[in-house]
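*Asks:* sequence first, predicted coordinates after that:
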Amino acid sequence: MIAQHFPILQVVLPLMAAPLMVLLRRGAPAWLLAVIVSWTGLFISLSLLAQVADGSVISYAIGSWPPPWGIEYRIDRVNAFVLVLVSLIAAVVVIYSRASVAAELPAHQHYLFYSLFALCLAGLLGIAATGDAFNLFVFLEISSLSSYALIALGRDRRALMASYQYLIMGTIGATFYIIGVGLLYLMTGTLNMADMAQRLAGVTEVRAVLAALAFITVGICLKLALFPLHLWLPNAYAYAPSAVTAFLAATATKVSVYVLLRFYYSIYGESAIFYALPMGQILLLLSLAAMFIASAIAIIQSDLKRLFAYSSVAQIGYITLGISFDSVTGLTGGIVHLFNHALTKGALFMLLGCFALRLGRIRFDNIGGIARVMPFTSFGIVLGGLSLIGAPGTAGFISKWYLVLAALESGQWWIALAIMLSSLLAVVYVWRFVEAAYFREPDAKTAQLKEAPLEMLVPALLMIAACFYFGLDTTLTVDGAARAAQTLLQGIR
Amino acid sequence: MTPAATILLALAVPLIGAALIAAAHRAPNVRETITLVTAGILFLLAASLTPLVLAGERPEVTLLEMMPGLALKFKVEPLGMLFGLIASGLWIVNSLYSIGYMRANNEKHQTRFYVCFAGALASAVGIAFAGNLLTLFLFYEALTLITYPLVTHAGTEDARRSGRIYLGMLIGTSTVFLLVGIVWTWQLAGTLEFAVGGILKGRASNAMLGVLLALFIFGIGKAAVMPFHRWLPAAMVAPTPVSALLHAVAVVKAGVFSVVKIVVYVFGVEEISGLRSVDWLPFISGFTIIAASIVALRSDNLKRRLAYSTVSQLSYVVLAAALLTPLSIVGAALHIAAHALGKITLFFAAGAIYTAAHKTEVSQLAGIGRRMPWTMGAFAVGALSMIGLPPAAGFISKWYILQGAMGTEQWNAVFVIIASTLLNAGYFLPIIYRAFFVAPPADGHGHHAHGEAPWPMVAALTLTALGTVALFFFPEVPLELARQLAGV
Amino acid sequence: MTIAGHFSYWITIFLAIAGLYIVIARGNLIKKLVGLGIFQTSVYLLYIVPGKLIGGTAPIIAEQYGLYSNPLPHVLILTAIVVGVATLALGLALVVRIREAYGSIEEDEILDLDKTPVFPNTATSKPA
C-alpha cells in the first residue's frame, strides 16, 4: 500500500524532484515537474489530514527502525493542518510563478529557481512532518539554505545583501535551536519528541532543561521573526523575486510558529518547568510590541513590499499573542490566524508581484492612479487589505474574533482593546494604498501599463476569494485549529 | 414563496441589480431602468413580508454557520420590518431623484455610483433583517465600506479628506468599541441572538452592563452620538442623493436602528430600566441633541445645517431608547420613520436648489421660494416635521417620546425635547421665511433665470413631502410595528 | 566536579561567545562568516564531548571491550558539519556576488552605497 508511506512521500517527492530539475536544465519541464510535485503533495497532505481528523496519530518509522531509535515521522492533527497549509500555498504559488519568474529572472536561472523552490518545499514539509528534534534541524537548514538562495535571485542587488543578512541571522537562529536540542539530548538521552516529552514530564527545576527552553525559544523566534528578532525579514521580503516572497511570507514563518508550538506544548507541555520561566508574559509583551511598532513602521514605508513585510511582522505578533494566552481559545485563535494570515499575505504578495511585473519596484510615488490601468490587481489588494484589517466576512475577522475572545476569557480586557487599536493601524496602511491607487491621476508612464496576465492574476484572486470563503465558512479552519489546539493542550489539561 | 425565500431574495435582489447595473454601464437608460426596477422589486418583497410580521409571525432563515454556534442568520421582527420598508421604499424615490441630479450635474462615474448604491441597500437590508449581533455587525461594516466610494465620489482632495474622517471614525468606533462589546456579550451570554427580553439577564453585573452599553452606544458610530459625530458633516461632500438616502436614511438609521435593537433585544428594556450604571445615556444623548442644534443654528451652509440637524435628530431616537419606557420605545421606532421621510425631503430640496440655482448657503436663499415653489413648499413640510408640528409625521413620534418621558417623570428629557424644539424652529423657520417673504437681492448677483430643478427631482421631493404628511394622518402600519416592538 | 573538570564546556562556551562576537562586531562579510563558523563549531563540541567516555572505545562488539563511547553524537555532528559546510559555501558565494555588485565586502560601505544611489533607477537594474 502506497498510502501508508504518505508521511515520508510528502517530503521525499520534492526532495527528489529538486536534483532532477537541475539535471533537466530547462525551465519549462522543471516547472512542470514542480507543478506535479506540489499538487501531489497537496493531495497527500489532504488525505493525511482526513486520516488524523478523528484524533488518531500516524507514526511512520523511517527505514522501519522503530522509534525512539530510528527517526519517526509523526502526523497528528496539528502538523497535518500545517502540512495542508504549506502544500496548498505551494500548489497555488507554483502556478503563479511561471509568468512571474519568466519576467523577473534570466532564462538560464529558471530551472534553478524551481529546483530551489522544490528544496524549500521539501524542507518546510519535513519540519512539519518529522517527530525527531535533530531531523527537524536538518530540514530547517534545507529550507533556510534554499530560501537564502531564492532571495538572492532577486533583481535588485540589495537582494544579495538581504540574503546575506538573512543567512547570518538564520544560521544563528538554527544554531541556537541546535544548542537547545543538544542540551535536551544531554539531559534526556533521546531526540524523539514524544519520548523527550515523557522523560521531561517528571522533571522540575533542572537548569539545563530551562536553558534549553531559552535557547530553542530564541532560535525559533529568530526564524519566525518575532519582534525584535525580525530585522532580516523586511529586506528579504522586499528584494526577493515576487513568487519567492509570496511563498515564504505565507509558509516559512508559519512553519516556525508550528515548531514553537510543538516545543512549548508537546515537548515541554507536561513539564512543570515550562512555567518556571514567564514565557507567557514575555511572549505577550513582545507580541504587543510587534503589533504596534511593526504596524507603525509599516505605515511610514514608501516601498509597498516593505510595507507588507512589516505588516507580516505585526501579524506574526497576533499569532504569538494567541499562543501567549495558553488557553484553547487563544491557541485556536493563533493557529487559525496562522492559516488565515498565510492565505491573506500570500495573496497580497502575489498581487504585488503583478505590479512588480509591470513596474519593477513598487513605490507609492509610482503607483498613483494605477487602479485605472490595473483594476483587478488593485481591487484584489484592497480586498486582501480588508482581510488584513479583519473586516467581518473575511478570514482575518475570524482570527481577530478568537483572539479578542481569548483576551476577554482571560480577564485581560485591555488586550482586547489593544488588538482592536492595532488593527486600526492596518486600516491606515491599507488606506494609504487605496488613496494612492484610486485618488491620484496616473502619470504618463503608469497610464500605459496593462493588467497582469491571467495566469498570475487568477491564482492570486483565487487566494483572495479563499480569504472571503474562510471568513464565512470556517468548518475547515476553525474546527481544524480548535482540534489542533485541543491536541496540543491535552497533555496539560 | 416562503418567507425565508423572500428574505434571501430581498438580500439578493440589490446585489443582482448591482451586477446588472455594472453590466449595463454603456447604456445609461437601461442602467437607470434597472436601478428603478430593482428598487421596486425590493420594496415589494419587503411589503410582502409586512402582513406576516403584523400578524405576529417572525420569519427567520439561517444561511450558514460562520463559527461554532454563530450563524449568519436573518430574522424579521417589527423594527427591522419598519427599517426595511423605509429604506427600500425611499430607494425608489431616491433613484428617481438621482437620475435627475446626476444627469443635470454631469457627474462622473455614474455607473460606480449606482452600483455602490445598490450595494449599500443590500447592506441596509442585511442590517434590518439581521437575526443576531454577528450578522448585524457584518452588514454594518459592509455598509461603511460600500458607502466609502460614494462619499469620495468627487475624487477631489476635499473628498479624500472627508473619506478619511468618514472611514476612520466609523471603522474606528466599530472595531474598538462595538466588536469588543459583541465578543464580550458572546462570552457572557453564550449567544448573540436577538431575543425578546434580552439575553444578558443574570449574566452580567450592573457595572458590566453599564460598560457594555457604553461600548455599544459609542461603538455604533453611525448613530452619531457626540463625540463621534464628525463623520456625518464630513460625508456631506458627497453628491446630494447620497446625503439624502444614505446620510439621512440608510446609514444613520442603521445606526440608531442598531441602538434601539440592542437596547430592546440584547439588554431588555425591563432588565436595565432604573439601573444606576446606565442612567448616563439620557444625558449624553440630550447633550448631543442640544449641542448639535446650536451648531446647526450657526451654520450658513445648507447641507451642513441639515447634517447637524440630523445629528441632533438621531439622538432623539437614542434618547427615546434610553428612557427605557414602552411608550418612548414606540416613539423611537416612529421617529426613525418620521425623520427619514422628513430629512430626505429636506436634502432633496437642498440638492434641487443646488442643481437649479447653484446655491449652497442659507444666506443666498432670499426669495427663492417664488422661483421654486414646489421645492420650497416641500422643504417647509420637511421642516415642520423636524420641529415636530402637525400635520407632519415628526409630531407623532415626538408626542410618544414626550409621553414616555413625562410618564416616568424624567424631567431632564422633557426639558431637552422642548428646548430642542425651539432650537429646531430657530434654524428652520428663518430659511422658509427668507425663501418666501424676503425679496431677492437686486444687485445682479441674485437669481438668474432659473425655475424648478429637472422634473424627476421635483417629483421625488414632492412624493416624500406628501409621505411626511400621509404618515401623520395614516400612521397605522408603523405604529402597529412600533407597538409590537415595545410590547404595548 | 570542579571548574577544571568542566573544562570542555568552558571551551565550548568560549568558542560560542567568540564566534558570536565576531559576527556582531566585524563589518567584513568574510570575517562574519568566519565567526559564524566558529560559533557552529562550538556546537559540534557540545555534542561530541559528552559522548566520550574516558577509556571508552568505538562501539564495536568484541570480547575485550566493555566500555563504549556513544556513537550517536558523532553521527549527528557529521550531519551538522555538512550543514555547516553548505551554509559557509552559500555564504561565501553570496559574498562573491556582493563584491561583484558593489565592489566591496565591507558592510558599512555597502549600506552607504545603497543609501545614495547615483541615479534613482540604476539601483533597480540587474547587478552587473
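*Replies:* Thanks, I have it.
*Asks:* can we go C-alpha only for contacts and neighbour counts from here?
*Replies:* Will do.
*Asks:* which residues of chain C lie near chain A?
*Replies:* Contact residues (C-alpha under 8 Å from any C-alpha of the partner chain) of chain C with chain A: C:23, C:33, C:36, C:39-40, C:43, C:46-47, C:50, C:76, C:79-80, C:83, C:86-87, C:90-91, C:94-95, C:97-98, C:101, C:114, C:123-127.
*Asks:* which positions in stretch C:107-118 come out as buried?
*Replies:* residue C:110 (16 or more other C-alpha atoms under 10 Å in any protein chain shown).
*Asks:* identify the residues contacting that stretch?
*Replies:* Under the contact criterion C-alpha atoms under 8 Å, 6 or more residues apart in numbering or on different chains, stretch C:107-118 has outside partners A:158, C:27, C:28, C:29, C:102, C:104, C:123.
*Asks:* which one is the fourth one nearest to, not counting chain neighbours?
*Replies:* So the one you mean is residue C:29. residue C:105 (5.6 Å; C-alpha to C-alpha, 6 or more residues apart in numbering or on different chains).
*Asks:* give me the buried subset of the residues of chain C next to chain A.
*Replies:* Taking 16+ other C-alpha under 10 Å as the criterion, what is buried in the residues of chain C next to chain A is C:23, C:33, C:36, C:39-40, C:43, C:46-47, C:76, C:79-80, C:83, C:87, C:90-91, C:94-95, C:97-98, C:101, C:123-124, C:127.
*Asks:* can you pull the contacts of the spatially closest residue to residue B:263 that is not a sequence neighbour?
*Replies:* Once flanking residues are discounted, residue B:263 sits nearest to residue B:269: 6.5 Å by C-alpha to C-alpha, 6+ apart. Residue B:269 sits next to B:197, B:198, B:263, B:324, B:325 when contact means C-alpha under 8 Å, 6+ apart.
*Asks:* would you confirm that the fourth one contacts residue B:270?
*Replies:* Yes: under the criterion of C-alpha atoms under 8 Å, residue B:324 makes contact with residue B:270 at 7.5 Å.
*Asks:* settle it for me: which of those two has more neighbours?
*Replies:* A direct count of neighbours by other C-alpha atoms under 10 Å in any protein chain shown for residue B:324 and residue B:270 places residue B:324 higher, at 25 against 15.
*Asks:* list the contacts for the more buried one?
*Replies:* Residues counted as contacts of residue B:324 (C-alpha under 8 Å, 6+ apart) are B:269, B:270, B:272, B:273.
*Asks:* which residues in chain C form helices?
*Replies:* C:7-25, C:29-51, C:72-102, C:107-115 (DSSP state H).
*Asks:* give me the contacts around the first one.
*Replies:* This points to helix C:7-25. Under C-alpha under 8 Å, 6+ apart, the answer for helix C:7-25 is A:168, C:31-43, C:45-46, C:49.
*Asks:* in that helix, what's buried?
*Replies:* Buried, per 16+ other C-alpha under 10 Å, within helix C:7-25: C:9, C:12, C:13, C:15, C:16, C:17, C:18, C:19, C:20, C:22, C:23.
*Asks:* relative to helix C:29-51, how tilted is that helix?
*Replies:* Between helix C:7-25 and helix C:29-51, the angle comes out at 160 degrees (axes from the mean of the first three to the mean of the last three C-alpha atoms, to 10 degrees).
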